[in-house]
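Asker: Give me a 3D structure for the following:
(chains A and B)
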Protein chains: 2
Amino acid sequence: MSLPAPIQNLIEAFSRLPGIGPKTASRLTFYLLRAPENVALDLAQALDELKSGTAFCQTCYNITEAGRVECGICADDERDHGILCIVEEPLDVLAMERTGGYQGVFHVLHGALSPIEGIGPEDLKIRELIRRVQGGEVREVILATNPSMEGDATAMYLRGQLENFTVQITRLARGLPMGGDLEYADQNTLLRALAGRQAMD
Amino acid sequence: MSLPAPIQNLIEAFSRLPGIGPKTASRLTFYLLRAPENVALDLAQALDELKSGTAFCQTCYNITEAGRVECGICADDERDHGILCIVEEPLDVLAMERTGGYQGVFHVLHGALSPIEGIGPEDLKIRELIRRVQGGEVREVILATNPSMEGDATAMYLRGQLENFTVQITRLARGLPMGGDLEYADQNTLLRALAGRQAMD
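Answerer: Residues are numbered from 1 along each chain as shown, chains lettered A, B, ... in the order given. Modelled structure (predicted):
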């Protein structure tokens, strides 16, 4: 039996999302068929507006509302703009913010160096990071890339790029499990890693 | 830190789907932020077209393309229109079809009797079923409701409604685990249940 095209299309579109296999995709599709029409249409609208309604902060490259030049964190005068926490992804900013233990600002690289995937320094927001440090306001750079091969390589590379600046370079204390993903770390592990950060020399 | 509204909206829209919690919803959302724009837009379009592009078969109430009066199974002269398999949901039709062992046609009730949820006979496609059986072409009705409280209650109710017709009433052989859901049964279990169906007396 072949499914009607609109159902097949939706199952395929769901299947392209990470962690959603064909079985889950068909469950979701048939759920939406029975659910009130606005459940599917609200989701469709939210998807349509995802990219048109968001923009990158022109300072830290975190996600922010479209039309804003700076995100809420960069625009916040109460935060310490002398401390810069370097993360790979916007979700990592969320994870750091959830700890409630960080008062500095961020810089989002949008990835990590990965020769295998062909991701080099020019693919990340590294030039923009150097420019921020050149500005002179930054006293400390906390390297908070993921505790993985790529994250470590990125941290090493950044240390090299930043060593000629009069800025302290630290990294999150180990305690994060190797091969893990920063956004999955629980708050206490992250808090301890933040408190125990060590000079990178 | 508060997330930009378009991101918050999409996380909430995903969270309303069954089996998707806030953590998975935010993973999917941030994945879509990075993915090529067409991944999100294709999904949005498929969602928009889900209800407008589908209709119910006016014979068996399975899902079919909009504009069609009958589904592919009902329109197929090679199937045995004298055998009617009664299921709760369109996904159950799929599960039966996957076995490759059924040559009759279907009738989709769109639910099961449930006094607790306030679902009575008039909420299901039962009147339409009686009308089909009255037509005289049907020799056998296979009750293939889920092996649950509601599914069993529905089967008992249907047996009562159909007993005055000269039609054999059978049900899928037990072997299906109680409290389970028909669409999750593996093909062999379903095949055996189909082959071992017993007269309901």
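
Asker: Regarding chain A, what is its longest helix?
Answerer: helix A:37-52 (DSSP state H).

Asker: Is that helix in proximity to chain B?
Answerer: Yes: residues of helix A:37-52 contacting chain B under C-beta under 8 Å from any C-beta of the partner chain: A:37, A:39-52. For glycine as for every other residue, the C-beta is placed from the backbone atoms N, C-alpha and C.

Asker: mind listing what's buried in that helix?
Answerer: Neighbour-count burial for helix A:37-52, counted by 16 or more other C-beta atoms under 10 Å in any protein chain shown, picks out A:39-51.

Asker: Please name the nearest non-neighbouring residue to residue A:61.
Answerer: Nearest residue to residue A:61, sequence neighbours excluded (C-beta to C-beta, 6 or more residues apart in numbering or on different chains): residue A:108, at 4.4 Å.

Asker: so who does the one you found touch?
Answerer: Contact partners of residue A:108, counting by C-beta atoms under 8 Å, 6 or more residues apart in numbering or on different chains, are A:60, A:61, A:62, A:87, A:88, A:89, A:90, A:92, A:93, A:125.

Asker: could I get those as a markdown table with secondary structure, pLDDT and neighbour count?
Answerer: As requested, those are exported to a markdown table (DSSP: H, G, I helix; E, B strand; the rest coil; pLDDT from 0 to 100; neighbours: other C-beta atoms under 10 Å in any protein chain shown):
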| residue | secondary structure | pLDDT | neighbour count |
| --- | --- | --- | --- |
| A:60 | coil | 95 | 25 |
| A:61 | coil | 94 | 21 |
| A:62 | coil | 94 | 25 |
| A:87 | strand | 95 | 27 |
| A:88 | coil | 94 | 23 |
| A:89 | coil | 91 | 23 |
| A:90 | helix | 90 | 26 |
| A:92 | helix | 90 | 24 |
| A:93 | helix | 92 | 27 |
| A:125 | coil | 96 | 19 |
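
Asker: Of those residues, just say which sits nearest to residue B:189.
Answerer: residue A:89 (43.2 Å; C-beta to C-beta).

Asker: if we can go back for a sec, please identify which two of the residues of helix A:37-52 next to chain B are farthest apart in space.
Answerer: The distance between the two most remote of those (C-beta to C-beta) is 24.0 Å, for A:37 and A:51.

Asker: if we can go back for a sec, mind checking how far the residue nearest to residue A:61 is from residue A:71?
Answerer: In this structure, residue A:108 and residue A:71 are 9 Å apart, going by C-beta to C-beta, to the nearest Å.

Asker: tell me, what's touching the two both at once?
Answerer: Shared contacts of residue A:108 and residue A:71, defined by C-beta under 8 Å, 6+ apart, comprise A:60, A:62.

Asker: From the chain's centroid, how far away is the host helix or strand of residue A:10?
Answerer: Assigned by DSSP states H and E, residue A:10 falls within helix A:5-15. Its chain's C-alpha centre and that of helix A:5-15 lie 29 Å apart, by C-alpha atoms, centre = their mean, to the nearest Å.

Asker: Got the domain ranges for chain A?
Answerer: Here the domain assignment for chain A is A:5-52, A:63-199, based on automatic domain parsing.

Asker: Nearest approach to residue B:152 belongs to which of those?
Answerer: Closest to residue B:152 of these, according to C-beta to C-beta: domain A:5-52, at 21.4 Å.

Asker: quick one: which of the domains of chain A is nearest residue B:28?
Answerer: The closest of the domains of chain A to residue B:28 is domain A:5-52. By C-beta to C-beta, the value is 5.5 Å.

Asker: Now do the end-to-end distance for that closest one.
Answerer: End-to-end distance for domain A:5-52: 28 Å, by C-alpha to C-alpha, to the nearest Å.

Asker: now stretch A:84-104
Answerer: 6 Å.

Asker: Using neighbour counts, pick out the buried residues of it.
Answerer: Applying a neighbour-count criterion of 16+ other C-beta under 10 Å, one finds A:84-96, A:99, A:102, A:104 buried in stretch A:84-104.

Asker: And stretch A:186-193, by the same measure?
Answerer: Those would be A:189, A:190, A:191, A:192, A:193, for stretch A:186-193 by 16+ other C-beta under 10 Å.

Asker: Please identify which helix or strand holds residue A:75.
Answerer: Of the helices and strands defined by DSSP H and E, none includes residue A:75.

Asker: Over to it: give its phi and psi.
Answerer: Residue A:75 adopts backbone torsions of phi -80, psi 0, taken as degrees, to the nearest 10.

Asker: What is the burial count for it?
Answerer: 14 (other C-beta atoms under 10 Å in any protein chain shown).

Asker: What of residue A:31?
Answerer: Residue A:31 has 16 neighbours, counted by other C-beta under 10 Å.

Asker: Then residue A:13?
Answerer: 22.

Asker: try residue A:7
Answerer: Around residue A:7 there are 25 other residues, counting by other C-beta under 10 Å.

Asker: From chain B, how far out is it?
Answerer: According to C-beta to the nearest C-beta, to the nearest Å, residue A:7 and chain B sit 6 Å apart.

Asker: For the closest residue to that residue other than its chain neighbours, give me its contacts.
Answerer: Closest residue to residue A:7 apart from its sequence neighbours, by C-beta to C-beta, 6+ apart: residue A:29 at 5.8 Å. Counting by C-beta under 8 Å, 6+ apart, residue A:29 makes contact with A:7, A:10, A:11, A:14, B:50.
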